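Peer 1: Sequence first, then the predicted structure:
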Amino acid sequence: GEDVEQSLFLSVREGDSSVINCTYTDSSSTYLYWYKQEPGAGLQLLTYIFSNMDMKQDQRLTVLLNKKDKHLSLRIADTQTGDSAIYFCAERPYYGGSQGNLIFGKGTKLSVKP
Amino acid sequence: DGGITQSPKYLFRKEGQNVTLSCEQNLNHDAMYWYRQDPGQGLRLIYYSQIVNDFQKGDIAEGYSVSREKKESFPLTVTSAQKNPTAFYLCASSKPGPNTYGYTFGSGTRLTVV
């Protein structure tokens, strides 16, 4: 069935790199997304990657996509305390000519220690 | 600026009462969604609507009801039949077709039963 899996917690020291991993199941997904949720707030789109790309870099963020293994990762360079949040991975399958609903992982809570 | 607005931010309900959570968007998005978020559970889909005057049940629709009389509005009613309504509720909207945005989220309503 459809499922997106992520580890629930990650703790890093300020200034280190953070790597959040995600596995997904539907190879039809056109776009894969990373969302960030700060405490008590809604989700904000952080970045996305198109399914025919292997890598996308956006300032401190690097997204890697391995389609063969259905593995997506988000690397945050020089992690700051303001990066402490929950990060959600999401895929949007494409069924018979129409988009399905977004399928979210359960979120990885990133804690950044000074 | 376009966006999606949820109100109120905090809501308290007595047992046995129905309450309605508001969600309004001015993004001209066709689709709208309601999610429930509990700690460690990720996002669970309650209801979604792809077009005005039509909506579908998500994974946890029991005890909830919705309406979609206008494109801009998708209110969620938490009925007395929902036995454990205390949670954080998120509304989202999206454009049809593959796109780089995925969903746009509101800032959420925290519902507490007192």
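Peer 2: Happy to help now that I have it.
Peer 1: Check which element follows the helix or strand containing residue B:33 along the chain.
Peer 2: Using DSSP states H and E, residue B:33 sits in strand B:31-38. Using DSSP H and E, the next helix or strand after strand B:31-38 towards the C-terminus is strand B:42-51.
Peer 1: List of residues touching the helix or strand bottoming out on mean pLDDT in chain A?
Peer 2: Across the helices and strands of chain A, mean pLDDT, DSSP states H and E gives its lowest value to strand A:98-99, namely a mean of 72. Contact with strand A:98-99 is made by A:30, A:92-93, B:96-98, as judged by CB atoms under 8 Å, 6 or more residues apart in numbering or on different chains. Placement of C-beta: from N, CA and C, glycine included.
Peer 1: out of those residues, what pair is the most spread apart?
Peer 2: A:93 and B:96 (14.6 Å; CB to CB).
Peer 1: Those two: which has the busier surroundings?
Peer 2: Neighbour count, other CB atoms under 10 Å in any protein chain shown: between residue A:93 and residue B:96, residue A:93 has more, with 18 against 12.
Peer 1: Find the nearest non-adjacent residue to the residue positioned nearest the centre of chain B, please.
Peer 2: Closest to where the C-alpha atoms of chain B average out (CA atoms, centre = their mean) is residue B:34, at 2.8 Å. In this structure, residue B:34 finds its nearest non-sequential neighbour in residue B:46, 4.3 Å apart by CB to CB, 6 or more residues apart in numbering or on different chains.
Peer 1: Distance check, that neighbour against chain A.
Peer 2: 12 Å (CB to the nearest CB, to the nearest Å).
Peer 1: What number of residues are in the vicinity of that residue?
Peer 2: Neighbourhood size, residue B:46 [other CB under 10 Å]: 26.
Peer 1: mind listing the strands for chain A?
Peer 2: Ranges of strands in chain A, per DSSP state E, are A:4-6, A:9-13, A:18-24, A:31-37, A:43-50, A:55-58, A:61-66, A:71-76, A:85-91, A:94-95, A:98-99, A:103-104, A:108-113.
Peer 1: where in the chain is pLDDT low?
Peer 2: In the absence of a named chain, chain A is used. Within chain A, the set of residues satisfying pLDDT under 70 comprises A:1-2, A:96-97.
Peer 1: The chain in question should be chain B.
Peer 2: Scanning chain B for pLDDT under 70 picks out B:1, B:98.
Peer 1: So which residues on it come close to chain A?
Peer 2: B:6, B:33, B:40-43, B:45, B:48, B:90, B:92, B:94, B:96-108, B:110 (CB under 8 Å from any CB of the partner chain).
Peer 1: Perfect, I'm done here.
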